[in-house]
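K.L.:
Quick one, fold the following:
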Amino acid sequence: MVMQAVMKSLLQNQEAKPTSSIQFRPGQIFYGVIQKLFPNQHAEIQVGAKKLIAKLEVPLTNGKGYWLQVTSNDGAPKLKLLNTSTPFSQSESSSTSSLLQQLGLHSHKMNHSLIQFLRNENIPLTKEEIVRAAQLLPLANNVEDGLQTIKMMSDRKWPLNEGIFKSFLALGKDESTAQLLHSLRASLLLEKNPTNSGKEIVNLLQSWDSEDAEMVQYGREKTLNQLKQSLHRTGMFYENSLLDREINRESLTESIKPLLVRFLQETSQSNLSESKNIVEQLLFRMNGYQLVSSDNGPIHHLLFEFPIKLGQFQSEILMQWSGKRTSEGKINSDYCRVIFYLDLEHLKETVVDMNVQNRIVTVNIVNSSNILQKLSESLLPDVANGLKEIGYHLSSVNFKLPENLKQQDNKKSRYYSQQSYSGVDFRI
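P.N.:
The predicted structure is shown next:
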């Protein structure tokens with residue numbers, strides 16, 4: 001699915017950027033190759049593409065690789081050798097087995113994959129963190145997704161706990177928030193003795209459908225209001241709202257996330273129902289968006305997905321905002337970038353990339369149709385006038401085909417659909 005591919009790409013792009021120098025914490029374990037030997041047991045060690053000068057507890061051989069552990073980080077790091085057998089007599093597999101034994105981990109395929117991944121990606125972790133990573137890996141549907149998630153958590157310095165791990169895994173799954181909500185309602189309707197919160201969830205979802213059915217004409221204001229309403233309905237950031245004294249607490253009952261939290265609180269640990277499983281997946285997915293939306297240096301990122309119904313077509317919008325905040329902590333709307341990933345009934349998969357520089361707006365629209373530009377010509381004056389009304393100037397609107405469609409010579413693409421369409425989904 002396109003959304004799954006987009007999510008994986010966004011998560012990779014939002015990883016913390018590596019620092020220019022290597023910084024270790026005492027206890028961290030890493031794989032390094034001895035490049036040069038100096039007096040007093042100092043050595044230059046290659047770690048991936050970087051090098052450091054460190055003091056070794058025992059003499060090692062120039063040009064050979066070792067698993068090393070940081071014992072002190074005062075001045076030049078002090079390192080001790082972990083795999084005590086000489087590397088001359090060890091293959092990579094036996095070296096990995098030796099390390100696993102010292103860590104108290106079983107020498108099976110998944111743990112071998114973890115150690116080899118840490119080595120290849122130059123990820124330093126403490127013994128406790130490696131053991132925890134080995135416990136988390138079986139929770140992933142496949143090892144590669146689990147390893148990439150561990151890498152991202154390490155890069156961003158998040159603790160290796162089950163909740164964060166499952167939250168990121170949930171973002172990469174095929175089922176969207178809209179699909180999960182649909183499955184949850186169907187499951188709750190089949191339950192013989194639903195909880196009070198289960199009944200409230202069903203009533204809320206049904207009321208949303210009734211409201212959406214009334215909105216069949218889409219003017220600019222109605223579309224904007226529905227977008228705001230759809231985002232509010234998820235309650236994705238409701239924890240922050242609880243800290244806001246001016247927020248209307250009653251409005252929180254109109255969003256789904258607080259009800260999902262209460263549902264789990266009312267459901268016993270021994271209850272392994274389908275509804276409980278779907279609720280957990282929804283909360284992990286919502287929490288995952290919150291985690292990737294956390295501040296990271298001077299540039300801030302917001303990433304969220306919310307269901308939206310356009311006429312009778314149920315879809316979702318994945319939105320990414322990147323930019324700086326003002327000195328008051330508010331979003332700087334003069335300089336930012338907003339990207340919408342849309343799956344529409346007629347236009348199919350579409351990306352709208354809006355870049356704002358000093359309130360001058362440039363828009364790039366990516367879609368598999370080569371006639372979208374012509375279809376949009378009559379709408380562009382309205383777009384320019386609408387932006388002008390709120391103090392922005394439209395510089396240009398560019399239409400592009402997905403790169404992978406060009407490369408595959410118009411064959412069916414993995415990420416974008418080429419199905420023909422007629423009609424327009426909605427006007428902005």
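
K.L.:
helices or strands up against the helix or strand that contains residue 198?
P.N.:
Using DSSP states H and E, residue 198 falls within helix 196-214. Using 3 or more C-beta pairs under 8 Å, 6 or more residues apart in numbering; DSSP states H and E, the elements in contact with helix 196-214 are helix 177-190, helix 256-266. Where you see a C-beta, it was placed from the backbone N, CA and C, and this is true even at glycine.

K.L.:
Poorly predicted segments of the stretch 301-428 of the chain, please.
P.N.:
Applying pLDDT under 70 to the stretch 301-428 of the chain picks out residues 404-428.

K.L.:
The helices and strands packed on helix 196-214 into TSV, with extra columns for mean neighbour count?
P.N.:
Below are these laid out as TSV (neighbours: other C-beta atoms under 10 Å):
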stretch	mean neighbour count
helix 177-190	18
helix 256-266	18
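
K.L.:
could you dump those helices to TSV with mean pLDDT and distance to residue 355?
P.N.:
Converted to TSV, the helices and strands packed on helix 196-214 look like this (pLDDT from 0 to 100; distance: least, C-beta to C-beta, whole Å):
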stretch	mean pLDDT	distance to residue 355
helix 177-190	94	26
helix 256-266	91	31
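
K.L.:
Export these to TSV and append columns for distance to residue 53.
P.N.:
Formatted as TSV, those follow (distance: least, C-beta to C-beta, whole Å):
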stretch	distance to residue 53
helix 177-190	50
helix 256-266	50
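
K.L.:
and of those, who's closest to residue 301?
P.N.:
Closest approach to residue 301 among the helices and strands packed on helix 196-214 (C-beta to C-beta): helix 177-190, 18.7 Å.

K.L.:
Quick one: closest of the helices and strands packed on helix 196-214 to residue 372.
P.N.:
helix 177-190 (24.1 Å).

K.L.:
So which elements touch the closest one?
P.N.:
helix 196-214, helix 274-292, strand 300-310, strand 313-325.

K.L.:
quick check: angle from the first one to strand 300-310?
P.N.:
Same thing as helix 196-214. For helix 196-214 and strand 300-310, the angle between their directions (axes from the mean of the first three to the mean of the last three C-alpha atoms, to 10 degrees) works out to 70 degrees.

K.L.:
Report the angle between helix 196-214 and helix 177-190.
P.N.:
Going by the same axes, to 10 degrees, helix 196-214 makes 120 degrees with helix 177-190.

K.L.:
for residue 161, what are its contacts?
P.N.:
Each residue near residue 161 by C-beta atoms under 8 Å, 6 or more residues apart in numbering is listed here: residue 132.

K.L.:
typo on my end, it should be residue 41
P.N.:
55, 56, 57, 58, 59.

K.L.:
Quick check on it: phi, psi?
P.N.:
phi 60, psi 30 (degrees, to the nearest 10).

K.L.:
next one: residue 104
P.N.:
phi 80, psi 30.

K.L.:
That one against residue 131, yeah?
P.N.:
Yes - proximity of residue 104 to residue 131 meets the contact threshold set by C-beta atoms under 8 Å, at 7.1 Å.

K.L.:
between these two, who's got more neighbours?
P.N.:
residue 131 (15 against 10; other C-beta atoms under 10 Å).

K.L.:
quick one, what contacts that one?
P.N.:
By C-beta under 8 Å, 6+ apart, the neighbours of residue 131 are 103, 104, 105.

K.L.:
what's the burial count for residue 80?
P.N.:
Residues near residue 80, counting by other C-beta under 10 Å: 12.

K.L.:
Likewise for residue 63?
P.N.:
12.

K.L.:
returning to what we had before: adding pLDDT as columns, could you present the contacts of residue 131 in TSV?
P.N.:
Listed next are the contacts of residue 131 as TSV, based on pLDDT from 0 to 100:
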residue	pLDDT
103	93
104	93
105	94
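
K.L.:
Those residues into a markdown table, with extra columns for distance to residue 227?
P.N.:
Shown next, in a markdown table, are the contacts of residue 131 (distance: C-beta to C-beta, whole Å):
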| residue | distance to residue 227 |
| --- | --- |
| 103 | 50 |
| 104 | 52 |
| 105 | 48 |
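
K.L.:
Next, the angle from the helix or strand following the helix holding residue 198 to helix 274-292.
P.N.:
Sequence-wise, the next helix or strand downstream of helix 196-214 (DSSP H and E) is helix 220-234. Note on geometry: by the same axes, to 10 degrees, helix 220-234 and helix 274-292 are set 110 degrees apart in direction.

K.L.:
Can you spell out which helices and strands pack onto helix 220-234?
P.N.:
Using 3+ C-beta pairs under 8 Å, 6+ apart: helix 220-234 touches helix 256-266, strand 300-310.

K.L.:
Any buried residues in that helix, and which?
P.N.:
Residues 223, 226, 227, 229, 230, 231, 232, 233, 234 are the ones in helix 220-234 that count as buried (16 or more other C-beta atoms under 10 Å).
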